[in-house]
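> let's see this in three dimensions:
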Amino acid sequence: MRDLGLLTRHLLWFADRLCGWSVDSLRNCLFTVARLLYPWRSQKGQAMGIETADQNEDRDVTASSERAAELLEVGLPGSVIDCLGDTIAASSLWRYAPGDTIYQADSEVEALYLVCSGRIKLLSFSRDGDARIVRLHNRGSILGLGGLLGETNDHMAVAIDEVSLYQIPIGLIKTISDRDNEAYCRLLEYLNEYLKAADTWITDFSTGGIRGRVARLLLYLMRHDDSTSQHDVTLLTVNEMAEVLGVTPESVSRAMAGFKRLEILLPFDGSSQHTFHCNFEALSGEAES
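Have a look, this model is predicted:
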């Protein structure tokens, strides 16, 4: 900048003597060019259009704090947010339409997925190509934890509704172990809890009579439905419910028709055809059968 000032004074003298330009005109021209070619510093020493290291750090801390607050609000466990720490600032927001594939089965785990809204189904396919829904995820869920152990994605993840989620690169998550081994162990504990929940899923939806299994699925959907009131539920399609339970769509339809006939499921007037009010006590009784 000191050399630029000296050069400017010489050019101003030259222009005034030889070119006939007004000094003010050339000064304005030169200063405009200087602002484009050099980082123009204010009295505080901050470059115009160029962030200092401190500014970058402050921005990352702010982004991390705001995103952590958002994830806490959607139901992500606070202990997990603490474990993720500043990696949250590196997350990116992704949106998926109903039916969009989020990731494929047997693919490499590329990110940790933090679900902000919508429902996601995990699909497993038999050798004959028949689909089975093996898990449902919604607001506050975490997907991709198997990547902590170097595993691939066991299932295909597909959006049921409009889904929004944050993705944090799995490579960045793995660096947590280098900086905070205790936090990394807590993430592995959360993975263990996820696997225990998978065992419960198998027990609830793969054993017992059809009617009881449908009732247990309805209770599950009701408990995990953040878009409706306490005893209301937004249903899956009949085919999706059949894919969860491992039965035919016709079997699910018969059970659902029986619940509607007994007014265990009551439709809302003028609302979505997939949203129902549940008689909680009667449905709980059916779930025990």
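> what about the strands in the stretch 151-289 of the chain?
All strands of the stretch 151-289 of the chain, identified by DSSP state E, counting those that start in this stretch, fall at 156-159, 163-169, 232-234, 265-267, 275-278.
> can you list the helices and strands that the lengthiest helix in the chain packs against?
Counting residues, the longest helix found in the chain (DSSP state H) is helix 181-206. With contacts taken as 3 or more Cβ pairs under 8 Å, 6 or more residues apart in numbering; DSSP states H and E, helix 181-206 sits against helix 78-84, strand 131-137, helix 176-179, helix 210-223, helix 238-245. Glycine gets a C-beta too; all of them are placed from N, C-alpha and C.
> okay, now the unreliable bits of the chain?
Where the chain drops to pLDDT under 70, the residues are 1-63, 227, 269-272.
> middle-most residue in it, spatially?
Leu165 (1.9 Å; Cα atoms, centre = their mean).
> wait, what's in contact with Thr101?
Met156, Ala157, Val158 (Cβ atoms under 8 Å, 6 or more residues apart in numbering).
> then Gln273?
By Cβ under 8 Å, 6+ apart, the residues touching Gln273 are Pro267.
> now it: how far from Glu66?
Separation of Gln273 from Glu66 (Cβ to Cβ, to the nearest Å): 38 Å.
> could you do Val134 as well?
34 Å.
> those two - which one has more neighbours?
Val134 (19 against 12; other Cβ atoms under 10 Å).
> tell me the secondary structure for Gly129?
Of the three states, Gly129 takes coil under DSSP: H, G, I helix; E, B strand; the rest coil.
> next, count neighbours for it.
Close neighbours of Gly129, defined as other Cβ under 10 Å, add up to 6.
> with Glu151 instead?
Here the count is done by other Cβ under 10 Å, and Glu151 has 13 residues near it.
> and if you look at Ser251?
Counted by other Cβ under 10 Å, the residues lying close to Ser251 total 17.
> with Leu71 instead?
Neighbours of Leu71 (other Cβ under 10 Å): 23.
> mind listing what the closest residue to Ala159 other than its chain neighbours touches?
Nearest non-adjacent residue to Ala159, counting by Cβ to Cβ, 6 or more residues apart in numbering: Tyr96, 4.1 Å away. Residues counted as contacts of Tyr96 (Cβ under 8 Å, 6+ apart) are Ile102, Gly118, Ala159, Glu162, Val163, Ser164, Leu165.
> can you pick the most crowded of those residues?
Leu165 (27 neighbours).
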